[in-house]
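*Asks:* got a predicted model here, sequence first, then my questions.
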Amino acid sequence: MEVFNCNIMKNNQLLLVLIFLAVLSCSKTYKIPKEVFALNPYNKGERLIFESNKNKNDSIYIYEINHFTSVNDPLGIIADKEEHYSLTTKRSENASFSDPFFSIISTEEKGIMVKMELHTEDAWFYGKNNYSLNELNKLPLKTIRVKDKEYTDVWVFNATDREYENRDNFIEKLYWSKSNGIIRYDKKNNEVWELIARK
């Protein structure tokens, strides 16, 4: 009788393990395609230096690059995983806080989502929160000359949150080269900032 009970218990445990593995195998990981990572041209520790048409300078530092996978529904029995990739910046090397700058996330519902941001000492871009990869690919690419260099692969993003347009740091337009990242931003009152160096 005891041997029979032990066999039943072992069979039940095996069945539970098999059910658990079957549930795990039903979850899916939404990966970021390798070619999408090319939208980030930056390396950790880089310094981007900008100069304005009013003879002012500003810079940001690529502080951190994070790459991880998270569960999209922590409370779900069968939870899918989403891949995240993000960069943060600091307004100076010794700044206490970092700011979001660029991110990619692969989701089940919306597919690949991309976000570009910019926060400097005196400038802030209040743009659209996220763009799907399809939306980005439909945007026209412009040719822009910055200093002595011509960029032929530039997306121009306009500020969308007009609630803050009275602020002195308000960025009207952000210029993002697919191969070089942010190359220019225009603040209100015709103040233009251009990338002059990456170190």
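*Replies:* Looks like it came in fine. Predicted model only: the values in this text are computed from it and were never measured. Residues are numbered from 1 along each chain as shown.
*Asks:* quick one, helices of the chain?
*Replies:* Remark: helices assigned in the chain by DSSP state H are 2-26, 133-138.
*Asks:* mean pLDDT lowest where, among those?
*Replies:* Within these, the stretch with the lowest mean pLDDT is helix 2-26, showing a mean of 52.
*Asks:* so which helix or strand of the protein has the lowest pLDDT on average?
*Replies:* helix 2-26 (a mean of 52; mean pLDDT, DSSP states H and E).
*Asks:* ok, residue 135 to residue 129 distance?
*Replies:* Note on residue 135: its distance to residue 129, by CB to CB, to the nearest Å, is 12 Å. For every residue, glycine as well, the C-beta is placed using N, CA and C.
*Asks:* ok now do residue 144, which residues does it touch?
*Replies:* With contact taken as CB atoms under 8 Å, 6 or more residues apart in numbering, residue 144 is in contact with 150-151, 154, 175, 177, 183-184.
*Asks:* how about residue 104?
*Replies:* So residue 104 contacts 32, 36-37, 39-40, 84-86, 112-114 (CB under 8 Å, 6+ apart).
*Asks:* on that earlier part again, derive a ChimeraX selection command for the buried subset of the contacts of residue 144.
*Replies:* Here is the ChimeraX command that selects the buried residues among the contacts of residue 144 (16 or more other CB atoms under 10 Å):
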select :151,154,175,177,183,184
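*Asks:* just the ones of the contacts of residue 144 in strands?
*Replies:* Applying DSSP state E to the contacts of residue 144, the entries found in strands are 150-151, 154, 175, 177, 183-184.
*Asks:* quote the end-to-end distance of stretch 154-171.
*Replies:* End-to-end distance for stretch 154-171, by CA to CA, to the nearest Å: 17 Å.
*Asks:* what's next to that stretch, contact-wise?
*Replies:* By CB under 8 Å, 6+ apart, the residues outside stretch 154-171 that reach it are 116, 118, 122-128, 136, 139, 141-144, 172-178, 183, 185-188.
*Asks:* any of these buried? List them.
*Replies:* For the contacts of stretch 154-171, buried by 16+ other CB under 10 Å: 116, 118, 123-127, 136, 144, 172, 174-177, 183, 185-187.
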